[in-house]
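Engineer: Provide a 3D model corresponding to the input given below.
(4 chains)
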Amino acid sequence: MFITVSIAILVTMALAIIRALRGPSIYDRILAVNMFGTKTVLLVSVVAFLFGRPDFLDLALAYALINFIGVLAVLEFFQSRSLRRELGAAQQRDSL
Amino acid sequence: MSLFLDLGSWVLFGIGSLLLFIGALGVLRLPTLFTRMHAASLTESLGTIAVLTGIMLQAGLTLATMKLLAILLFLLLTSPTSSYALANAALLARNRDQTREQADRK
Amino acid sequence: MQLLGLYNYWVFVVLLMIGFYAVIAKSNLIKKLIGLSIFQAAVFLLYISMDKVEGGTAPIIQAGVPDQIYSNPLPQVLILTAIVVGISTMALGLAIVVRIKEAYGTIEEHEAAAMDSEA
Amino acid sequence: MTILLAVFLLTMLVITAVAIVRTRDLFAAVMLLGIFSLLMAANFFVLDAADVALTEAAVGAGISTVLFLGALALTAARERESGDSRWLPLVVVVIMAATVVYATFDKPALGDPNAPVHQHVAPWYLSETPRLIDIPNVVTAVLGSYRGYDTLGEVFVVFTAGIAVLFLLGSGRPGELFSRPPDELSTGGLKHHLIPRVVGKLLIPFIILFGLYVQFHGEYGPGGGFQAGAIIAAGVILYALLEGETRALAALPESALKVMVIGGALLYTLVGVVCMLMGGNFLDYSVLSTNSVAGQQLGIILIEAGVGLAVTGVLLSIFHAFAARATA
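Structural biologist: Next up, the predicted model:
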């Protein structure tokens, strides 16, 4: 029964990768990466039981906690970049 | 007893797999960013709950169940938050582009 | 099935060469570093592929299961440390790229080289 | 089943790698590198390397993305057309690939128990660890005790890389990683970020706690100093992203980080020296206690603590160095 779920998760992962490759916008890629992260947590949890070593859930726990940081960093990066660009544009307008 | 647990797991796994698959299909097929985000975030939460609860039924009352519970809790906290932050950032970027276009037209 | 058992090694080769291609063919220095990290990942994959024993499980000894087969711990130790070393050296590479950008105003290798030959 | 899972994950790995190299948008490349790292970790896990998967998870999911983005913020986000011919490198790569693939036909198949690699020291490690060190995680035993020299070397490589980054980028006044413009332009920025801030700050204690768990549970489950260091560093980086560099540096100042880096490396070496003073060989922990098994366990706990301190310190110093550069 764990096999069925893991296959479903793998298919979902493949679809998420297609979205990440296709883009088109950066936000689509972030969405895909985020989704992929959640699916990895689920896959690892299922596979840990499939292999009969449930003590390896630590890995899933690590992803559940840390995956968030990457997404936040990316968003912060874009926010500050577009703000800086606006700042540059505002300075240009002022100098004209 | 274990028959009922197995049955419950099967049902939950079925629901979870179906939801995850539908969500992924939505992310792939829907036309715009916000509709795609909608598909992903709506199905993901329930799908995650279903799959992890299904595993919990199989694990029984062990340390593994506590870890699964923690994973579920963290995922339920972080996943909507990152969806929110993403949607917020995308919306702000779109609004900025629109105001810039309007400013350019003037 | 015999050939499927070699699939890991082929993926190792393909990844190694994808990384190598990025290092030699791309002019952008960050892209070169990304290629290098793919190259590195390929080597990790080779080592970890070698640690698997059929029917084995991770080498964390389970009490009360006397006849359990365990996979090989040695490649795991080497790669575990290599991952952390890899990220620190990658940071060093990125720091050098940042300094190159400050000195030359570009991170494209051919542009920087052209500036050098002009000077 | 293992093989099927691995084949699927590996195929996705190749597709992602090709996409990473092909895209000209460096930002997209970094995002795809995140997926690449997740796939690697899942694949390590499927191949029974739980410790390695945990390391990849701790490093790849947070820190490597953050560092690459920091570098992109300081350089450029797009790759330019170089105009060089792509055919020569492609031909070289294809020829090399063909040669190495030809060589793989001599390799033992995946999981073959008679492969040469499983014949030499590994069986000894697996059979003797319960008697000599008596901890379940053989990977930690090999890392800390049997191959303690190697690990000491790796810690010093990490240490040197960290110092070199500090030399190159300089440390000094605090900056923001992705330099924020003055406040009047970022109108409503903080208000809109209320939810990530609340949730993020709620998570930070759990991340640190989990890091400590990984550090001290490393003898019994997957974990150890390297993974714990990366996880704790990721927790502090999250704090820096949410509350700004200045407050993160107030919580864990640069001087403290330097003490952690140097202290960690020193602790490891000192354990070795103490072993020598007590009449054993360098890094032979058996002499640390009257009972040699207890001595081994004590030695491993101490050096893992040293590794954890050094790795946390180095990763955070690197992060702060990139951040300080962004506003300089």
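Engineer: can you tell me which residues contact the residue positioned nearest the centre of chain A?
Structural biologist: Within chain A, one residue has its C-alpha closest to the average C-alpha position: by C-alpha atoms, centre = their mean, that is residue A:34, at 2.2 Å. Residues near residue A:34 by C-beta atoms under 8 Å, 6 or more residues apart in numbering or on different chains: A:67, A:71, B:40, B:79, B:82-83, B:86. In this view, the C-beta of every residue, glycine as well, is placed from N, C-alpha and C.
Engineer: where does pLDDT dip in chain C?
Structural biologist: When the per-residue scores of chain C are filtered using pLDDT under 70, the ranges that remain are C:1-2.
Engineer: so where do the helices sit in the chain?
Structural biologist: Let's take chain A. In chain order, chain A shows helices spanning A:2-22, A:26-50, A:57-95, with DSSP state H as the criterion.
Engineer: hmm, no, I was thinking of chain D.
Structural biologist: Taking DSSP H as the criterion, chain D contains helices spanning D:2-22, D:26-46, D:50-58, D:65-74, D:87-104, D:122-132, D:138-141, D:148-169, D:189-192, D:194-216, D:225-243, D:245-251, D:254-277, D:292-327.
Engineer: please list the residues of the stretch 201-328 of chain D that sit near chain B.
Structural biologist: Residues of the stretch 201-328 of chain D lying near chain B by C-beta under 8 Å from any C-beta of the partner chain: D:202-203, D:206.
Engineer: before we move on, the earlier item: do you know which of the helices of chain D lies nearest residue C:85?
Structural biologist: Closest approach to residue C:85 among these is made by helix D:148-169 (5.1 Å; C-beta to C-beta).
Engineer: quick one, that closest one and helix D:254-277 angle?
Structural biologist: Between the axis of helix D:148-169 and that of helix D:254-277 there is an angle of 150 degrees, by axes from the mean of the first three to the mean of the last three C-alpha atoms, to 10 degrees.
Engineer: what's the mean pLDDT across helix D:148-169?
Structural biologist: Helix D:148-169 carries an average pLDDT of 91.
Engineer: and chain D, which of the contacts of residue A:34 reach it?
Structural biologist: Near chain D, judged by C-beta under 8 Å from any C-beta, the entries from the contacts of residue A:34 are A:67, B:82.
Engineer: between the contacts of residue A:34, which sits nearest chain C?
Structural biologist: residue A:67 (16.8 Å; C-beta to the nearest C-beta).
Engineer: so that closest one sits against residue D:61, correct?
Structural biologist: Yes: taking C-beta atoms under 8 Å as the definition, residue A:67 is a contact partner of residue D:61 at 5.2 Å.
Engineer: now do the shared contacts for those two.
Structural biologist: Residues within reach of residue A:67 and of residue D:61 at once, by C-beta under 8 Å, 6+ apart, are residue A:37.
Engineer: can you get me a residue count around the residue of the stretch 1-150 of chain D found nearest chain C?
Structural biologist: Sorted by distance to chain C under C-beta to the nearest C-beta, the residues of the stretch 1-150 of chain D start with residue D:109, at 2.8 Å. For residue D:109, the number of neighbouring residues by other C-beta atoms under 10 Å in any protein chain shown comes to 17.
Engineer: what's the distance between it and chain A?
Structural biologist: Look at residue D:109 and chain A: by C-beta to the nearest C-beta, to the nearest Å, they are 20 Å apart.
Engineer: leaving aside the residues next to it on the chain, what's closest to that residue?
Structural biologist: residue C:5 (2.8 Å; C-beta to C-beta, 6 or more residues apart in numbering or on different chains).
Engineer: thought residue D:264 was touching residue D:156, still the case?
Structural biologist: No: taking C-beta under 8 Å as the definition, residue D:156 is not a contact partner of residue D:264, at 10.7 Å.
Engineer: so which of those two has more stuff around it?
Structural biologist: Neighbour totals were compared for residue D:156 and residue D:264, and residue D:264 leads with 26 against 15 (other C-beta under 10 Å).
Engineer: low pLDDT regions in chain B?
Structural biologist: Within chain B, the stretches falling below the threshold (pLDDT under 70) are B:1, B:106.
Engineer: with the stretch 101-250 of chain D instead?
Structural biologist: Counting by pLDDT under 70, the stretch 101-250 of chain D contains low-confidence residues at D:171-192.
Engineer: give me the residue from it nearest chain B.
Structural biologist: Taking C-beta to the nearest C-beta, the stretch 101-250 of chain D has residue D:199 as its residue nearest chain B, at 4.4 Å.
Engineer: so who does that residue touch?
Structural biologist: Residue D:199 is in contact with B:77-78, B:81, counting by C-beta under 8 Å, 6+ apart.
Engineer: look up phi and psi at residue C:60.
Structural biologist: Residue C:60 adopts backbone torsions of phi -120, psi 110, taken as degrees, to the nearest 10.
Engineer: next, count neighbours for it.
Structural biologist: Taking other C-beta under 10 Å as the neighbour definition, residue C:60 ends up with a count of 23.
Engineer: return the residues in contact with the residue nearest to it when sequence neighbours are not counted.
Structural biologist: The spatially closest residue to residue C:60, leaving aside those adjacent along the chain, is residue D:137, at 4.8 Å (C-beta to C-beta, 6+ apart). Under the criterion of C-beta under 8 Å, 6+ apart, the contact list for residue D:137 reads C:59-61, D:51, D:218-223.
Engineer: gap between residue D:137 and residue C:18?
Structural biologist: For residue D:137, the distance to residue C:18 equals 34 Å [C-beta to C-beta, to the nearest Å].
Engineer: give me the neighbour count for residue D:216.
Structural biologist: A count of nearby residues for residue D:216, using other C-beta under 10 Å, gives 16.
Engineer: give the contact list for it.
Structural biologist: For residue D:216, the residues meeting the contact criterion (C-beta under 8 Å, 6+ apart) are residue D:301.
Engineer: how close does it sit to residue D:59?
Structural biologist: For residue D:216, the distance to residue D:59 - C-beta to C-beta - is 20 Å.
Engineer: which helix of chain C spans the most residues?
Structural biologist: As assigned by DSSP H, the longest helix anywhere in chain C is helix C:73-104.
Engineer: what comes up buried for that helix?
Structural biologist: Of all the residues in helix C:73-104, those buried under the rule 16 or more other C-beta atoms under 10 Å in any protein chain shown are C:73-98, C:100-101.
Engineer: and chain D, is that helix touching that?
Structural biologist: Yes: interface with chain D: helix C:73-104 contributes C:73-92, C:94-99, C:101 (C-beta under 8 Å from any C-beta).
Engineer: in stretch B:57-64, what counts as buried?
Structural biologist: Applying a neighbour-count criterion of 16+ other C-beta under 10 Å, the buried positions in stretch B:57-64 are B:57-59, B:64.
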